[in-house]
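S.K.: What shape does this take:
(2 chains, ligands or ions: 1)
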Amino acid sequence: MNAVADPVGAMDQSNEIADHVAQAFAAKTPLAIRAGDTKSFLGEIGRGEILDVAGHSGIISYEPGELVLTARAGTPLTEIETTLAEAGQQLAFEPPHYGQGATLGGVIAAGVSGPARPFNGAARDFVLGTRIVNGRGECLRFGGEVMKNVAGYDVSRLLAGSFGTLGVLLDVSLKVLPAAHHQATRVFEHSAETALDAFKRWRLRPWPITGAYWENGLTYLRLSGAETAVRSACEQLGGQSLAMDYRNFWTEVREQTRPLFTQDERPLWRLSLPPAAPLLDNAGPNAIDWGGAQRWLLSDEPAATIRQRVAAQDGHASVYRGHTTPRFHPLSKSLLALHQRLKASMDPAGILNPGRLYPEL
Amino acid sequence: MAAVTEPVAAEDETLVDKDGLIAQLKAELPDDVVLHDEEDLRPFECDGLSAYRELPMLVVLPATEAQIQTTLRICHANNVPVVARGAGTGLSGGSLPLDRGVLLSLARFNQILDIDADNARATVQPGVRNLAISEAVADLGLYYAPDPSSQIACSIGGNVAENSGGVHCLKYGLTTHNILQVTIITLEGERLTIGSMALDSPGYDLLALMTGSEGLLGVIVEVTVKLLPTPEVARVALIAFDGLRQASNAVAAIIQAGIVPAGLEMLDNPAIKATEDFVHAGYPTEAAAILLCEVDGTAAEVEEHIEAVRDVVERCGATEIRLSQDEAERARFWAGRKAAFPAMGRVRPDYYCMDGTIPRKALADVLIGIGDLSQEYELDVANVFHAGDGNLHPLILYDANNPGELERAEAFGGAICQLCLDYGGSITGEHGVGVEKIDQMCVQFPPAELTQFHAIKSAFDPKGLLNPGKAVPTLHRCAEFGAMHVHNGELPHPELERL
Ligand SMILES: Cc1cc2nc3c(=O)[nH]c(=O)nc-3n(C[C@H](O)[C@H](O)[C@H](O)COP(=O)(O)OP(=O)(O)OC[C@H]3O[C@@H](n4cnc5c(N)ncnc54)[C@H](O)[C@@H]3O)c2cc1C
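M.R.: As a prediction, this is how the structure comes out:
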């Protein structure tokens, strides 16, 4: 079956977008690519003339038996998730929306993933192919709709998380997966330290874990999969079950809308670390997700202090809320130079979202 | 396929003074690191695609990163191309040497540097064999998931360079999904760390770009892989069908039922017969095709899924279903699959292993199409492949001693690539482009994409000295190949010499 979604609102604007970029290339006009405008808090403030790509929308093909969905970048994320849910499937990287208008293109360009990330994979892991407009206004296609494809460099995955600085995403093909039949969350009373210890132990167990989060003295462990597998893991784990009125719990974790995040005015930092990295004295974090690999810190400390501390543990720190530049962890001199050459190879005039990822890019 | 006789070196040949280069290298490197006698070079003349052979100008066998940096700097200064080589098991000629270039062997980089169970990762040198990693961490209840059939021999550096897959990649992903960080040395001798020990890293996903870049962007000198807990239980179902179509439909039906098997492999009748003769795994030799469907996880989960698989395949018309009852039986079911390639070597002296991918729904049509091509090219073919992710491995059987058979096998291979593309697939799922499929790249990608690939390469290697002539064809080459194709095998201007 080739289930094409509701054609209302579906629109192919590839040519218009390519023409627009080609003109901007000729005139060297910087473009700020925008669709749902839900992720401007991530990264730097874009500059340039707005290139609105939200109209380039609609699911192009979806075949549940192939586990592949291809959609235009402006397609609302909710439309994609609803369509998948109707066929019992899901985006296994559990993308955060960060607002009503989230689009597929925005999610992939920002490369964001939710609580299931350490267990199921990141946004980039599910990207099979893309069609893009590069900085010269050329429409290019990389990858495809098959599960394995090593012909040419993996440009599609490179685009995930590139914040539109290498190309305008037109269409994205994603691998999708069956949604779990069964789900349960166990809750444990833990200090941050005991939580990290537990995560360490649980990482070595072949349980169907899909979420491992700690906040405020409690660890939340989510299991999803075959009913028997979930039940037997729960029996071995013990703990309490999550009360029913916590139905939105994992959504709040995914969106960083737990009261902990919203009721504090201090800058919010995302720390990405090796999962077993030890806690640092008096330095938080306020919440631990991804089984230890993503930690949230509310802190007024200077950016350099936070970053130095995190880097010493092989991690990196980005600002999610607050006024710090660069927002993402600075790159080494040689890596930045490589980034600049790579950017120039795809966007020679530097017109695509200049300054959006790093001020120098 | 690229004609075997055609040189594959980069277009802009520059003359290199071999003796001068040896002198420069020997001045800075220990004696046993630089090999230049013909007998020492011979073992490096080909990879697993042995129809292509070329003696390198010289071989460098460094033992330290500093020696790699020195070698690369000298080659850079002298405009000498460099081909990195892991274990040389590649099947697309990726590490085929250049007669005017240096072959850089990573064979001495065979140390496991760090095993970190708390973070479920291991850091290894690029020459470490794939299987050696899983063996080293087995005591901890961990393993490295990607398992190419060549895993006892192939190196992790080669795996990263090819984005290798294996039987269990259906559930656990390819190399690109299972590595955290690599360290590379660029041709200019710069050491760069790509990726990180965390689950992501700031900036572009250069790790994705490096994975599968076939040695064109940098020399990989260290790899940190992700380790997974060994599944509690694994069981495999051996399922027989009396038609290719039923077997193919069953593949799609299993996936559609919401089961993600750990592995889902298919063998067609010629493959079943050859392997059965060879290893006596107990395969039903009269079946048109068999599927090997492995499910793993906790004991309860495996029970639930294997029963679900049984239901699905019964409805798809399976003629026989056997479920492995213990580890010994599971090993026996897999033994045939694992021995399938060598088994083919007993049927005919040579086989040519193809590698293309297609959407699962096209499996039956493409298999039948390959059967038709087999008659057209008058060469037998056997199919043993990763059905679950639509990754075909037709094995074309030929005898290189019969004049014209190799060329016919290559033309047959080219036709299979075309068939995969016609069904929306790719010319390679895991073996890479190398020199083998360089011309087919011209069919899969239009000039604008190829130009973009070259531009990306220049960002890493402005002089174009790393593995030139592989993976991405020049537009010039494509123009020639296209011109040749229009005339359907009949070369235009047969009087002209071909480059
Ligand atoms: C019997 C058999 C079965 C196989 N089964 C599979 C399979 O199931 N799945 C699969 O994916 N492949 C399979 N292969 C193909 C092959 O084993 C893989 O491609 C493997 O990853 C190659 O590793 P290698 O160390 O032998 O690399 P090589 O053959 O030495 O090199 C391969 C490529 O990698 C580059 N390279 C190697 N090391 C480095 C480095 N350190 N830095 C930069 N570039 C480097 C080379 O330049 C070359 O382009 C099989 C091969 C054989 C012979």
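S.K.: Would you agree B:Arg235 is in contact with B:Glu327?
M.R.: No: applying C-beta atoms under 8 Å as the test, B:Arg235 and B:Glu327 come out as separate, 9.6 Å apart. For glycine as for every other residue, the C-beta is placed from the backbone atoms N, C-alpha and C.
S.K.: With neighbour numbers in mind, choose between these two.
M.R.: B:Arg235 (24 against 11; other C-beta atoms under 10 Å in any protein chain shown).
S.K.: mind listing what the more buried one touches?
M.R.: When contacts are counted by C-beta atoms under 8 Å, 6 or more residues apart in numbering or on different chains, B:Arg235 touches B:294-296, B:302, B:306, B:323-324, B:330.
S.K.: ok, it to B:Gly173 distance?
M.R.: 21 Å (C-beta to C-beta, to the nearest Å).
S.K.: now do A:Pro178
M.R.: According to C-beta to C-beta, A:Pro178 stands 16 Å off from B:Gly173.
S.K.: Identify the residues contacting stretch B:20-38?
M.R.: Stretch B:20-38 has contacts (C-beta under 8 Å, 6+ apart) with B:18, B:41, B:55, B:57-63, B:67, B:70-71, B:74, B:78, B:80, B:102.
S.K.: Any chance of a ChimeraX selection covering the buried ones in the residues you listed?
M.R.: Buried subset of the contacts of stretch B:20-38, written as a ChimeraX selection, criterion 16 or more other C-beta atoms under 10 Å in any protein chain shown:
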select /B:41,55,57,58,59,60,61,62,67,70,71,74,78,80,102
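S.K.: Can you tell me which of the contacts of stretch B:20-38 end up in helices?
M.R.: Mapping these onto helices (DSSP state H) picks out B:18, B:41, B:67, B:70-71, B:74, B:78.
S.K.: Chain A: which of the residues you listed is nearest?
M.R.: Nearest to chain A out of these is B:Thr70 (C-beta to the nearest C-beta; 18.4 Å).
S.K.: how near is the residue nearest to that closest one when sequence neighbours are not counted to B:Pro126?
M.R.: Once flanking residues are discounted, B:Thr70 sits nearest to B:Glu28: 5.0 Å by C-beta to C-beta, 6 or more residues apart in numbering or on different chains. Distance from B:Glu28 to B:Pro126, counting by C-beta to C-beta: 22 Å.
S.K.: Looking at the two, which has the bigger crowd around it?
M.R.: Remark: of B:Glu28 and B:Pro126, B:Pro126 carries more neighbours, 25 against 14, as counted by other C-beta under 10 Å.
S.K.: What is the burial count for residue 149?
M.R.: Picked chain A for this. A:Asn149, neighbours per other C-beta under 10 Å, totals 27.
S.K.: should've been chain B
M.R.: By other C-beta under 10 Å, 19 other residues sit near B:Ser149.
S.K.: check contacts around it.
M.R.: Counting by C-beta under 8 Å, 6+ apart, B:Ser149 touches B:166-167, B:338, B:341.
S.K.: Ok, A:Pro96 next?
M.R.: A:107, A:112-114, A:254-256.
S.K.: In three-state terms, label it for me.
M.R.: With DSSP: H, G, I helix; E, B strand; the rest coil as the basis, A:Pro96 sits in coil.
S.K.: distance of it from A:Gly106?
M.R.: When A:Pro96 is compared with A:Gly106 (using C-beta to C-beta), they lie 10 Å apart.
S.K.: With B:Ala288 instead?
M.R.: Where A:Gly106 is concerned, B:Ala288 sits at a distance of 48 Å (C-beta to C-beta).
S.K.: thinking again about what came up before, please identify, among the contacts of B:Ser149, the one with the most neighbours.
M.R.: Highest neighbour count within these, by other C-beta under 10 Å: B:Val167, with 23 neighbours.
S.K.: Just the element for it, please.
M.R.: When elements are assigned from DSSP states H and E, B:Val167 belongs to no helix and no strand.
S.K.: Go ahead and flag the most central residue of the chain.
M.R.: Since you didn't name a chain, this refers to chain A. What sits nearest the mean C-alpha location of chain A, by C-alpha atoms, centre = their mean, is A:Val112, with 0.9 Å.
S.K.: right idea, wrong chain: chain B
M.R.: B:His431 (2.4 Å).
S.K.: so what's that residue up against?
M.R.: For B:His431, the contact set (C-beta under 8 Å, 6+ apart) comprises A:150, B:90-92, B:162, B:353, B:355.
S.K.: Grab the two from those that are most spread out in space.
M.R.: Pairwise distances across the contacts of B:His431 (C-beta to C-beta) peak at 14.8 Å, for the pair A:Val150 and B:Cys353.
S.K.: Count the residues that sit near residue 111.
M.R.: Unless you meant another one, I'm taking chain A. Close neighbours of A:Gly111, defined as other C-beta under 10 Å, add up to 22.
S.K.: The intended chain is chain B.
M.R.: Residues within reach of B:Gln111, counting by other C-beta under 10 Å, total 12.
S.K.: got a list of what it touches?
M.R.: Per C-beta under 8 Å, 6+ apart, neighbours of B:Gln111: B:124-125, B:128.
S.K.: I'd like to know which of these are part of strands.
M.R.: Among these, the members found in strands (DSSP state E) are B:Val124.
S.K.: Which one of the contacts of B:Gln111 is nearest to the ligand?
M.R.: Closest to the ligand out of the contacts of B:Gln111 is B:Gln125 (8.9 Å), distances taken as C-beta to the nearest ligand atom.
S.K.: quick one on the thing from earlier: looking at the contacts of B:His431, which one is closest to the ligand?
M.R.: Closest to the ligand out of the contacts of B:His431 is B:Gly90 (2.8 Å), distances taken as C-beta to the nearest ligand atom.
S.K.: Test my guess that that closest one contacts B:Gly157.
M.R.: No: at 11.2 Å, B:Gly90 does not count as touching B:Gly157 under the criterion of C-beta under 8 Å.
S.K.: wait, A:Gly46 sits on A:Asn353?
M.R.: Yes: contact criterion C-beta under 8 Å: A:Gly46 and A:Asn353 qualify, at 5.4 Å.
S.K.: can you list residues touching both of those two?
M.R.: Residues touching both A:Gly46 and A:Asn353 (C-beta under 8 Å, 6+ apart): A:32-33.
S.K.: B:Val433: what's it in contact with?
M.R.: Counting by C-beta under 8 Å, 6+ apart, B:Val433 touches A:150-152, B:92, B:94, B:214, B:427, B:440-441, B:470-472.
S.K.: and what of B:Leu61?
M.R.: Counting by C-beta under 8 Å, 6+ apart, B:Leu61 makes contact with B:32-35, B:105, B:107-108.
S.K.: Quick check: closest non-adjacent residue to it.
M.R.: The shortest distance from B:Leu61 to any non-neighbouring residue, by C-beta to C-beta, 6+ apart, is to B:Ser105 (5.0 Å).
S.K.: give me every residue that touches the one you found.
M.R.: Under the criterion of C-beta under 8 Å, 6+ apart, the contact list for B:Ser105 reads B:44, B:59-61, B:85.
S.K.: Distance of the spatially closest residue to B:Ile74 that is not a sequence neighbour relative to chain A?
M.R.: Nearest residue to B:Ile74 in three dimensions, chain neighbours excluded: B:Gln24, at 5.2 Å (C-beta to C-beta, 6+ apart). Distance of B:Gln24 to chain A, given as C-beta to the nearest C-beta, to the nearest Å: 25 Å.
S.K.: Tell me the one of the contacts of B:Ser149 nearest chain A?
M.R.: B:Gly166 (10.9 Å).
S.K.: show me where the stretch 351-499 of chain B has helices.
M.R.: Shown for the stretch 351-499 of chain B, the helices assigned by DSSP state H, counting those that start in this stretch span residues B:363-377, B:405-422, B:438-444, B:447-460, B:475-486.
S.K.: Can you tell me which of the ones you listed is most buried?
M.R.: Mean neighbours per residue, mean count of other C-beta atoms under 10 Å in any protein chain shown, is largest over the helices of the stretch 351-499 of chain B for helix B:438-444, with a mean of 23.
S.K.: neighbours of A:Ala10, just the number please.
M.R.: Other residues lying near A:Ala10 total 18 when counted by other C-beta under 10 Å.
S.K.: Show me which residues of stretch B:173-190 are buried.
M.R.: Across stretch B:173-190, burial judged by 16+ other C-beta under 10 Å covers B:173-189.
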